[in-house]
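[1] Only the shape, not the letters, is given here:
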């Protein structure tokens, strides 16, 4: 299919797979980093993780979009802007079926709005994978490390798989930095 789908599928896989594999650090290094960050940082990351986990477990694409960093959302909009001008009619029909919105309405949307609606619909497809969602819903944080305005959240799925996600501090609070997570392979 089209370019729009590449990012949405990447995001879907990142969410469903927990955004990468974990690379362990010593407990002492983790403790020092957490102490340097401060308890309010840890509380903010814990609140973010609770919201993220709840949204994934519910297959709530709108909440996941909101919990994704502004940088990631902007990158998706830029890709959508480039792709939208090249989409054949058949792809617009696929987008309409995916989002449940009229094709004409989609064609009139700004790239930002089109990126949001498409990504929300793709992330909403998580509901079709209840077994995977259950693994995330029952997951537990195994550690958090801080590096300036970033945090790496390590967690274990109910199937025992250890994974990690990078979060970044934004004015509204902590958000998932999926691009940074992908660049590091989820390792920290």
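    Nice, thanks for sending it over. Given the structure is predicted, the values throughout are model-derived calculations rather than measurements.

[2] need the next SSE after the lengthiest helix in the chain, C-terminal direction.
    When the chain is parsed with DSSP state H, its longest helix is helix 39-58. As assigned by DSSP states H and E, the chain's next helix or strand after helix 39-58 is helix 61-66.

[3] Next, the buried residues of the longest helix of the chain.
    Neighbour-count burial for helix 39-58 flags 41, 44, 45, 48, 49, 51, 52, 53, 55, 56, 57 (criterion: 16 or more other Cβ atoms under 10 Å). (Each C-beta comes from the backbone N, C-alpha and C, glycine too.)

[4] Next up, the contacts around the second one.
    In this case it means residue 44. Residues near residue 44 by Cβ atoms under 8 Å, 6 or more residues apart in numbering: 169, 173, 174.

[5] cool, the first one as well?
    For residue 41, the contacting residues are 146, 151, 169, by Cβ under 8 Å, 6+ apart.

[6] how far away is it from residue 147?
    Remark: distance between residue 41 and residue 147 (Cβ to Cβ, to the nearest Å) = 11 Å.

[7] for this protein, which spans come out with low pLDDT?
    Across the chain, residues meeting the criterion (pLDDT under 70) sit at 1-37, 184-188.

[8] all strands in it, in order from the N-terminus.
    For the chain, the strands defined by DSSP state E cover 140-147, 150-156, 162-170, 173-176.

[9] Now render those as JSON lines, adding mean neighbour count and distance to residue 119.
    Formatted as JSON lines, the strands of the chain follow (neighbours: other Cβ atoms under 10 Å; distance: least, Cβ to Cβ, whole Å):
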{"stretch": "strand 140-147", "mean neighbour count": "17", "distance to residue 119": "25"}
{"stretch": "strand 150-156", "mean neighbour count": "23", "distance to residue 119": "21"}
{"stretch": "strand 162-170", "mean neighbour count": "21", "distance to residue 119": "17"}
{"stretch": "strand 173-176", "mean neighbour count": "20", "distance to residue 119": "12"}
